[in-house]
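Engineer: starting from these lines, generate the structure:
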Amino acid sequence: MSVSNILIIDDSPEIHALVRVRLKNEPVAIHSAFNGASGVELAQALGVDLILLDVEMPEQDGFEVCSILKNHAATRDVPIIFLTGSGSTQDKIRGLELGATDYVTKPFDPAELRARVRASLRTRHLMDLLAKRAMIDGLTGLHNRFYLDAQLTLALTAARRSGEPLSCVMADVDYFKRINDECGHQFGDDVLRKIGSILTDVSRDGDIVCRYGGEEFTILMPNTSLRVAIAATERLRRAIETTEFWFHDRRVPVTCSFGVARLGETIPPTVIELADQALYRAKRGGRNQVQMCLLNDPDAEVEVAPEATADLSPL
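Structural biologist: Numbering: from 1, shown residues only. The predicted structure is shown next:
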């Protein structure tokens, strides 16, 4: 069973000790902060799953702390249970409107506290699962285009800050429509799943493999020059070409075409377009090959990676 991180933000050491006793048999790790400022700092640094927040604290009260937490990206979605000695309906409404998920009134009943903590953690884990599934392709289990878009934006920012190169690869399964027509969509799905596994297994640590849509895949390669990206992509191409795909007693030739582009002073869609342009030229040039596109010269003649050779034999 996984352990959930709970942060208590309360100026009373007695409350911290009491909560720890009440939750000692729960699968949780409890962290403590005794004022709003340190609580906000810890919440952002730890990546907590639940916050128990006292309403009445000196300097910053719980309402102000809640507002700060809900306006920060790292803590925006963390459930907050207010701990309060007041049963005021007005206070409860205020807290809920600020984004708190629940209230526990002091002195709290041990069973009620455990039940409310469990309910909040279940909700948190469910939301995390839904968010994760929204970023995962249902067929291949790879990350999907939504995840790619988010990672591409982050990678672009990091590359510009550090000056490190960043490359992007677009891949497309050759003659995929023919594969579907001749062998059926179930076999086509199996091909996509197997190619996804190959791309994941052969890609280097740190590369981000996604299903872009249909029979297209994308690999984001941080800290990777164009030359290195082309060599890495050629390994991917060769791994797919040499893998055996069988439909009943017939071996079906399956290959992929690849387009490679380097990320520079450009917005994310542009590098995808450049990689896609290189992919198009790989398809037009005979398929089952790697081509690249230079960032600032998209209309220039695109070079073919030296290792990329073989054409795809008809089924």
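Engineer: okay, CA-based contacts and neighbour counts for the rest of this
Structural biologist: Noted.
Engineer: as a check, name the ranges of all helices in the stretch 201-315 of the chain.
Structural biologist: In the stretch 201-315 of the chain, the helices defined using DSSP state H, counting those that start in this stretch lie at 226-241, 268-284.
Engineer: and the ones you listed, which is most packed in?
Structural biologist: helix 268-284 (a mean of 22; mean count of other Cα atoms under 10 Å).
Engineer: residues making contact with that helix?
Structural biologist: 149, 152-153, 156, 168-172, 174, 257-263, 288-295, 298, 302 (Cα atoms under 8 Å, 6 or more residues apart in numbering).
Engineer: of the residues you listed, grab the buried ones for PyMOL.
Structural biologist: A single PyMOL command selects the buried members of those (16 or more other Cα atoms under 10 Å):
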select buried, resi 152+156+168+169+170+171+172+174+257+258+259+260+261+262+263+288+289+290+291+292+293+294+295+298+302
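Engineer: which parts of the chain are strands?
Structural biologist: Remark: strands assigned in the chain by DSSP state E are 4-9, 28-33, 50-54, 80-84, 102-105, 166-173, 208-213, 216-222, 245-247, 250-252, 256-263, 290-293.
Engineer: format the ones you listed as JSON lines; extra columns: distance to Leu274 and mean pLDDT.
Structural biologist: Formatted as JSON lines, those follow (distance: least, Cα to Cα, whole Å; pLDDT from 0 to 100):
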{"stretch": "strand 4-9", "distance to Leu274": "43", "mean pLDDT": "95"}
{"stretch": "strand 28-33", "distance to Leu274": "47", "mean pLDDT": "95"}
{"stretch": "strand 50-54", "distance to Leu274": "43", "mean pLDDT": "96"}
{"stretch": "strand 80-84", "distance to Leu274": "45", "mean pLDDT": "93"}
{"stretch": "strand 102-105", "distance to Leu274": "49", "mean pLDDT": "91"}
{"stretch": "strand 166-173", "distance to Leu274": "9", "mean pLDDT": "96"}
{"stretch": "strand 208-213", "distance to Leu274": "15", "mean pLDDT": "96"}
{"stretch": "strand 216-222", "distance to Leu274": "12", "mean pLDDT": "96"}
{"stretch": "strand 245-247", "distance to Leu274": "30", "mean pLDDT": "96"}
{"stretch": "strand 250-252", "distance to Leu274": "31", "mean pLDDT": "95"}
{"stretch": "strand 256-263", "distance to Leu274": "6", "mean pLDDT": "92"}
{"stretch": "strand 290-293", "distance to Leu274": "6", "mean pLDDT": "91"}
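Engineer: save those strands as CSV, and put in distance to Ile195 too.
Structural biologist: As requested, the strands of the chain are exported to CSV (distance: least, Cα to Cα, whole Å):
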stretch, distance to Ile195
strand 4-9, 35
strand 28-33, 39
strand 50-54, 39
strand 80-84, 43
strand 102-105, 46
strand 166-173, 9
strand 208-213, 10
strand 216-222, 9
strand 245-247, 10
strand 250-252, 14
strand 256-263, 9
strand 290-293, 16
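Engineer: for those, which one sits closest to His143?
Structural biologist: Among these, strand 208-213 comes nearest to His143, with 4.7 Å by Cα to Cα.
Engineer: what angle do the closest one and strand 216-222 make?
Structural biologist: Following axes from the mean of the first three to the mean of the last three Cα atoms, to 10 degrees, one obtains 150 degrees for the angle between strand 208-213 and strand 216-222.
Engineer: now do strand 208-213 against strand 166-173, angle only.
Structural biologist: Using the same axes, to 10 degrees: strand 208-213 against strand 166-173 is 40 degrees.
Engineer: mind listing what Lys70 touches?
Structural biologist: Per Cα under 8 Å, 6+ apart, neighbours of Lys70: Arg76, Asp77, Leu98, Gly99.
Engineer: residues near the second one, how many?
Structural biologist: By other Cα atoms under 10 Å, the residues close to Asp77 number 17.
Engineer: what of the last one?
Structural biologist: Residues contacting Gly99 under the criterion other Cα under 10 Å number 20.
Engineer: so it touches Val65, yeah?
Structural biologist: No - with contact defined as Cα atoms under 8 Å, Gly99 does not count as touching Val65 (11.2 Å).
Engineer: distance-wise, check the spatially most central residue of the chain relative to Met221.
Structural biologist: The centroid of the chain falls nearest to Tyr147 when counting by Cα atoms, centre = their mean (5.1 Å). Tyr147 sits 14 Å away from Met221, going by Cα to Cα, to the nearest Å.
Engineer: where does the chain have low pLDDT?
Structural biologist: 1, 264-269, 294-315 (pLDDT under 70).
Engineer: could you break it into its assigned domains?
Structural biologist: 4-134, 145-293 (automatic domain parsing).
Engineer: need the winner for burial among the ones you listed.
Structural biologist: domain 145-293 (a mean of 19).
Engineer: what's the end-to-end length of it?
Structural biologist: End-to-end for domain 145-293, by Cα to Cα: 21 Å.
Engineer: what separates that domain from the chain centre, distance-wise?
Structural biologist: In this view, domain 145-293 has its centroid 18 Å away from the chain centroid, taken as Cα atoms, centre = their mean, to the nearest Å.
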